[in-house]
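*Asks:* Dropping the sequence and predicted coords here.
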Amino acid sequence: MSVVVPECCDDLKRERGRCLFNKEELTNILDGGPKLTEKRRRIEKMLINTPELFDDVSPDYLSHEDRYSNELRKATQLMTTLEKNGFTYNDAVTTGTGLWLLMDGNPLSLHISMFLDTIKGQSNPQQLQEWLPLAEKFKIIGTYAQTELGHGTFVRGLETTATYDSTTKEFVLHSPTITATKWWPGALGKTSNHAVVMAQLYLGGKCYGPHIFMVQLRDLETHRTLPGIVVGEIGPRLGMNSNDNGFLQFNHHRIPLTNMFMKHSQVTEDGKYVKPLHSKLSYGTMVQTRVGIVYHASRELSRALIIAIRYSAVRHQSEMVPGDPEPQILDYQTQQYKLLPHLASFFALRFSARALLEVFIGTSAGLGSGKMNMLPELHALSSGLKAVATNDAVKGTDICRLACGGHGYLSSSNLPRIYTAIAAGITYEGENTVLFLQVARYLIKSFRASSQGQTLPFSVSYLRVQPPSSHAPLMSDRGLVDALGAGVRWMVGEAERRLQQLVDSGHSPHAAWNACSVHLVQCADAHTRYYICEQFVDAVSKLGETVSSGVHEVLRQLCRLYILHRVIQTAGILLRCGAVDGKALTSIEEEECHLLATLRIQAVSIVDAIDIKDVFLKSTLGAWDGNVYQRIYEEAQKSPLNKSDVTQGYYQYLRPLMKANL
Ligand SMILES: CCCCC/C=C\C/C=C\C/C=C\C/C=C\C/C=C\C=C\C(=O)SCCNC(=O)CCNC(=O)[C@H](O)C(C)(C)COP(=O)(O)OP(=O)(O)OC[C@H]1O[C@@H](n2cnc3c(N)ncnc32)[C@H](O)[C@@H]1OP(=O)(O)O
Ligand SMILES: Cc1cc2nc3c(=O)[nH]c(=O)nc-3n(C[C@H](O)[C@H](O)[C@H](O)COP(=O)(O)OP(=O)(O)OC[C@H]3O[C@@H](n4cnc5c(N)ncnc54)[C@H](O)[C@@H]3O)c2cc1C
């Protein structure tokens, strides 16, 4: 069957004809400026001109080993293509393009992220000089090996030991129990010949807690595992199965003293310990990765949204008015309600990711000159935003899948793969509940500090026990954000009251904490979302002076939708603390419905402006031209089961069954 593919189907042509804003301008805002758009497009062009980077067979049809090899082939090709064209791996990461090409879990991702970041952030000058050039040029390939079978969250509970032997000036790495086995690190199983390993430091019989060590795992010529080390792959997972997540055990394996990362804490040749300026500086790579994950989550959500919104404009189903032509499913209010608040979330996350990156850069600069005071704020913000971004991206991606009906369940829609990849983000790099509890700890401390008259850092300054009264009218954006802030203040105050009450009635502070932890997680989530609302409102109001009215209007509508949706989600709290009343909520609900209909008109153009090309979307449902059915049909032809009319299974099982006298 041959079909002439139109440049773009009539439905999408009509949608695009209704665009009232400058798409390129919105694209530039999302990229962070016209220069960054231009750079991203140069990278994309170069990648698109490298056919080896694209699969012609879906990884779903490959064996585990072929899947791994194929992804490794593409990952190495990507690195050499970037290098040859004057770009770095970082360019492919920061533009999203590298991840989109390799997002079945690729075996070099840990090397170019956490392994390199640890070398850059945890090495002393000599170590940096020795390891960075080797790692940057892929002469050594590594991963970040922290989690063990027995412990992921509780880093202080790790069991791998690094015991200093001053006679040989070596550390002896050992896995004393089965639960001490390193478990999960990406690319550990078969790819990496080195790992940065988190292990308990022992000096003269005393434990100094988790520290990081550079450990060679495999011979650099033969790639065989070194003596004293057992390493392998952990087997299939929910998603990202092209990666070789691994396990690792040490049997009294020796490494030189100089292989302990010594930027922040040191061990002298005679076995003396030099303390770091802050005890959590060795967690720096995790913090940095959490910042990256916020961007990553927003990008993955945007891919799902482009697919689902374009598909919803192409798909016609049922009758809205009896006898009328079947409408585009995007015309159903319920479909708009599924998708558009997540579109607003994507923008909110993108602006917040940028704000977080600035905090990260500022804090890192401060650390360089010995200033530690911003570290708790960065830890709380990066933990909260990582948790909200991944939670929302996972939820949003799944809603996009559901919004595409049966076809969303097809692998060729790419929604299942986007979902399984981002779903891991809830767990890795700090399980989200655990990260929220870290945020809650910061909130309670800040609230108590405020009760004692102390000044609070910027992200929690609104928690002041006696806040200045808000002058913004309630129904303005600022007024509603202030109401959300009042809600969080009330929640945190309530949590603090309950904690205190439990302690006063004889519970230990730790038991009281656990007894309040559901509420504490809700506080952390609400606080982070308040921060996101603030960043969104600030970003849109700052852009107001510099962008055209069409773009500003779209951003204003998305921001408004995000805030209204948030107020409705938090209605119970806001009513309880008196920040809004029932009448206000009714009008907010009505306004949200109205806004859905307004945003629907330009929804396709908004997702077009996110500007992700078909080769990176990898979806039969979401392509630019809207030629959905032909694509789905063609993709199905690639199923190996369609290679022959009658399969082996028929002769082996079905025919004997039909012939049997049952
Ligand atoms: C082309 C290809 C591209 C590839 C990708 C490239 C780029 C990457 C970008 C995006 C990523 C995208 C995709 C990634 C792909 C694959 C993913 C793979 C990687 C996954 C890796 C991992 O998962 S690595 C392992 C991560 N593990 C964790 O995160 C463990 C979580 N646990 C902890 O962090 C801690 O144990 C803890 C925080 C929960 C508790 O720590 P503890 O020491 O016990 O502290 P306390 O609870 O006692 O608190 C004491 C005080 O310390 C403060 N604190 C804790 N942590 C920090 C910190 N980091 N900084 C500052 N302060 C901290 C805490 O607040 C307490 O303070 P107070 O006493 O004042 O209250
Ligand atoms: C795809 C993937 C890739 C990964 N890559 C790496 C890697 O490259 N390197 C690496 O070192 N690790 C890696 N990990 C491991 C990852 O970091 C851990 O799985 C993660 O930190 C969670 O730890 P855990 O598995 O021990 O879960 P647990 O901590 O056992 O969590 C189980 C449950 O207990 C709850 N819980 C735990 N502690 C608390 C608490 N204090 N309070 C309340 N509830 C609690 C959690 O909320 C969760 O519901 C990866 C994991 C995955 C899934």
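*Replies:* Now that the structure is in, tell me what you want to look at. Ligands and ions are numbered 1, 2, ... in the order given.

*Asks:* CA atoms for contacts and neighbours, from now on please.
*Replies:* OK.

*Asks:* For the one helix or strand V551 maps to, name the packing helices and strands.
*Replies:* Element membership of V551, judged by DSSP states H and E, is helix 549-569. Using 3 or more Cα pairs under 8 Å, 6 or more residues apart in numbering; DSSP states H and E, the elements in contact with helix 549-569 are helix 23-31, helix 333-368, helix 477-504, helix 517-543, helix 582-610.

*Asks:* now those helices as CSV including distance to K137 and mean neighbour count?
*Replies:* Below are the helices and strands packed on helix 549-569 laid out as CSV (distance: least, Cα to Cα, whole Å; neighbours: other Cα atoms under 10 Å):
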stretch, distance to K137, mean neighbour count
helix 23-31, 28, 19
helix 333-368, 25, 20
helix 477-504, 48, 21
helix 517-543, 38, 21
helix 582-610, 33, 18
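
*Asks:* can you put those in a markdown table and add distance to L654?
*Replies:* Shown next, in a markdown table, are the helices and strands packed on helix 549-569 (distance: least, Cα to Cα, whole Å):
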| stretch | distance to L654 |
| --- | --- |
| helix 23-31 | 55 |
| helix 333-368 | 43 |
| helix 477-504 | 62 |
| helix 517-543 | 53 |
| helix 582-610 | 47 |
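
*Asks:* so which of these gets nearest ligand 1?
*Replies:* Smallest distance to ligand 1 across the helices and strands packed on helix 549-569 (Cα to the nearest ligand atom): 11.0 Å, for helix 333-368.

*Asks:* Let me see the mean pLDDT of the closest one.
*Replies:* The average pLDDT within helix 333-368 is 97.

*Asks:* got it, and stretch 111-124?
*Replies:* 97.

*Asks:* ok, now which ones touch E170?
*Replies:* 164, 254-257 (Cα atoms under 8 Å, 6 or more residues apart in numbering).

*Asks:* Output the helix holding V551 in CSV with nothing but the alpha carbons.
*Replies:* What follows is helix 549-569 as a C-alpha-only set of coordinates in CSV (Å, rounded to 0.1, in the frame of the first residue of the first chain):
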residue,chain,number,x,y,z
SER,A,549,2.7,40.4,23.3
GLY,A,550,1.7,37.1,21.7
VAL,A,551,4.4,35.1,23.5
HIS,A,552,3.8,36.9,26.7
GLU,A,553,0.1,36.2,26.6
VAL,A,554,0.8,32.4,26.0
LEU,A,555,3.2,32.3,28.9
ARG,A,556,0.9,34.3,31.1
GLN,A,557,-2.0,31.8,30.4
LEU,A,558,0.3,28.8,31.1
CYS,A,559,1.5,30.4,34.3
ARG,A,560,-2.1,31.2,35.3
LEU,A,561,-3.2,27.6,34.6
TYR,A,562,-0.4,26.3,36.7
ILE,A,563,-1.3,28.4,39.7
LEU,A,564,-5.1,27.8,39.4
HIS,A,565,-4.5,24.1,39.1
ARG,A,566,-2.3,24.2,42.2
VAL,A,567,-4.8,26.2,44.2
ILE,A,568,-7.5,23.6,43.3
GLN,A,569,-5.2,20.7,44.3
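
*Asks:* By neighbour count, which of the contacts of E170 wins?
*Replies:* Neighbour counts for the contacts of E170 (other Cα atoms under 10 Å) peak at Y164, which has 25 neighbours.

*Asks:* any idea which element that residue lies in?
*Replies:* Assigned by DSSP H and E, Y164 falls in strand 161-165.

*Asks:* And that strand, what does it pack against?
*Replies:* Applying 3+ Cα pairs under 8 Å, 6+ apart, one finds that strand 161-165 contacts strand 170-174, strand 194-203.

*Asks:* Looking at these, which is nearest to ligand 1?
*Replies:* Using Cα to the nearest ligand atom, those put strand 194-203 closest to ligand 1, at 9.6 Å.

*Asks:* Contacts made by that closest one with the rest, please.
*Replies:* 115, 118, 140-146, 158-164, 173, 188, 207-218, 271-273.

*Asks:* do that again at 6 Å, thanks
*Replies:* For strand 194-203, contacts defined as Cα atoms under 6 Å, 6 or more residues apart in numbering pick out 141-146, 160-164, 207-217.

*Asks:* Now render the helices and strands packed on strand 161-165 as JSON lines, adding distance to ligand 2 and mean pLDDT.
*Replies:* Converted to JSON lines, these look like this (distance: least, Cα to the nearest ligand atom, whole Å; pLDDT from 0 to 100):
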{"stretch": "strand 170-174", "distance to ligand 2": "16", "mean pLDDT": "98"}
{"stretch": "strand 194-203", "distance to ligand 2": "8", "mean pLDDT": "98"}
